[in-house]
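# Quick one, what's the 3D model for this:
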Amino acid sequence: MDSHQAKKRRPSRPSGQSGVRLDGDMLLSMHGATDKQLVVTPTATVGDYTAADDKMVGHNSNMIEARDQEIGAGQWDGECGVWRLNLDNHDDLAIQAYREFRDHFRDGVLALKAPLEQDPTTIQGGWLKPYSNTLSRDQADQRKSVLAIHYKSFPKVRKSMPFLNEVVERVKKGVLEQLKIDGRTNLKAVEYTFFCGTYNASCTNFHQDTAEHPDDKLVLTTLTLLTLGSTSMCIAGKQETWLRQPFDTVCFDPDLFHRSGETYEHIVKLSIHWRELARPVPKAEQPVMVKIEAGVKLESGVPVGSGVTDPASNEGEAGSSAEHGGA
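All right, here's what the predicted structure looks like:
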């Protein structure tokens, strides 16, 4: 066999692409070790997704137009249809939460073991229910690249993942302080979802969170980047929304059609679904009843039970009326 024939039989490989598959932890370390931009093949690109249809775009346009009239506060990005939150990451909380997540989530299983506990609690990777509205429907890949945590598991998670707890608290605080929309003051998380760029099975096509969680009465969805590197998502009819730094966070109406975007193997994002707790109805204040014996005189000298009104009891009301311009 001559050299020309041997060369012809060798499998071809696209120019500039390595055949070695790097895991997310290695890529994250490489990002931190250099100030140069690493060239890494994305798991998914914007061009991999089907374009939004007219119905989705029209629905979003009507909702955002109505929302524009009641923004009130917050860093509203009208071109992307999201609010951008300015969150405190001075202690590298996002990276700490990422490392904590990687320590507990291995091969599609989240193992939780709080101090003094003998046996770990496990949560299987993937969505809470079978889900096929993704770029890949491979269930094994979904289990390794998606982790949805229902609120019923939050107590166990809180015992083992303190950095995640702090991320959730800071996101909630940012939403309440920076948005101030609709007078919402009592938000509660109902689901955490980690999206790992390991496989495109974690990349969702256009959908509505409210339609997929009809019983949770969602009011907001937040998306937070926990790692270094750029990634995106998109509201139908709007420009691509990019997250570029750890703890970059956006917030949007869960009734809007949206999808995932560009991602890489080392990227990990945290999505939180929020609902509003019912406000407690304050009890009507009951008047304080004071028992006074008949015949006892008030300071005005009028005996109790005489049927004569104590003129001193009206002084406060009269003074108040005059103070506010009463005629």
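
# going forward, measure contacts between C-alpha atoms and count neighbours the same way
Noted.

# gap between Phe101 and Leu270?
11 Å (C-alpha to C-alpha, to the nearest Å).

# neighbour count winner among the two?
Counted by other C-alpha atoms under 10 Å, Phe101 and Leu270 do not tie: Leu270 has more neighbours, with 22 against 19.

# ok, the more buried one touching Thr224?
Yes - counting by C-alpha atoms under 8 Å, Thr224 is a contact partner of Leu270 at 5.1 Å.

# now the helices for the protein?
With DSSP state H, the ranges of helices along the chain come out as 3-9, 24-33, 54-68, 93-104, 139-145, 154-160, 162-178, 209-212, 315-323.

# hey, least reliable of those by pLDDT?
Among those, helix 315-323 has the lowest mean pLDDT, at a mean of 36.

# Only alpha carbons, please: show stretch 49-59 as CSV.
Extracted in CSV, the C-alpha atoms of stretch 49-59 (Å, rounded to 0.1, in the frame of the first residue of the first chain):
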residue,chain,number,x,y,z
TYR,A,49,-33.0,26.2,17.5
THR,A,50,-36.1,26.5,15.4
ALA,A,51,-37.3,30.1,15.0
ALA,A,52,-40.3,31.3,17.0
ASP,A,53,-43.6,31.3,15.2
ASP,A,54,-45.9,34.3,14.8
LYS,A,55,-48.2,33.2,17.5
MET,A,56,-45.4,33.1,20.1
VAL,A,57,-44.0,36.5,19.0
GLY,A,58,-47.5,38.1,19.0
HIS,A,59,-48.2,36.7,22.5
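
# which outside residues touch it?
Leu135, Asn205, Phe206, Ala236, Gly237, Leu256, Phe257, Gly261 (C-alpha atoms under 8 Å, 6 or more residues apart in numbering).

# just those residues now: which is nearest Phe154?
Nearest to Phe154, judged by C-alpha to C-alpha, of the contacts of stretch 49-59 is Leu256 at 26.3 Å.

# burial count for that closest one?
For Leu256, the count of nearby residues is 23 (other C-alpha under 10 Å).

# who touches the residue nearest to Arg84 when sequence neighbours are not counted in this structure?
Nearest non-adjacent residue to Arg84, counting by C-alpha to C-alpha, 6 or more residues apart in numbering: Val250, 4.6 Å away. Listed by C-alpha under 8 Å, 6+ apart, the contact set of Val250 reads Val82, Trp83, Arg84, Leu85, Thr222, Leu223, Thr224.

# Now do the contacts for the fifth one.
It refers to Thr222. Thr249, Val250, Cys251, Phe252, Ser271, Ile272, His273.

# cool, and Cys203?
Ala44, Thr134, Leu135, Ser136, Phe195, Arg259, Ser260, Gly261.

# swap in Arg158?
Leu164, Asn165.

# follow-up on the earlier one: out of the contacts of Cys203, who has the most neighbours?
Tallying neighbours with other C-alpha under 10 Å puts Phe195 at the head of the contacts of Cys203, with 28 neighbours.

# Can you tell me who that one pairs with across the strands?
Val146, Lys269 (DSSP bridges).

# Now do stretch 256-264: everything it contacts.
With C-alpha under 8 Å, 6+ apart, stretch 256-264 has contacts from 40-46, 49, 56-57, 59-60, 63, 197-198, 203-209, 230-236, 240.

# Below-threshold pLDDT in the stretch 201-327 of the chain: ranges please.
Low-confidence segments of the stretch 201-327 of the chain (pLDDT under 70): 278-327.

# Can you show me the strands along it?
Residue ranges of the strands in the stretch 201-327 of the chain, as given by DSSP state E, counting those that start in this stretch, are 218-225, 231-235, 240-243, 249-252, 258-260, 268-276.

# can you list contacts of the last one?
The reference is to strand 268-276. Residues contacting strand 268-276 (C-alpha under 8 Å, 6+ apart): 98, 184, 186-197, 216-227.

# rerun at 7 Å
The contact list for strand 268-276, computed with C-alpha atoms under 7 Å, 6 or more residues apart in numbering, reads 186-197, 216-227.

# So how do I select the buried members of these in ChimeraX?
Burial among the contacts of strand 268-276 is assessed by 16 or more other C-alpha atoms under 10 Å; the matching ChimeraX selection reads:
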select :187,188,189,190,191,192,193,194,195,196,197,216,217,218,219,220,221,222,223,224,225,226,227
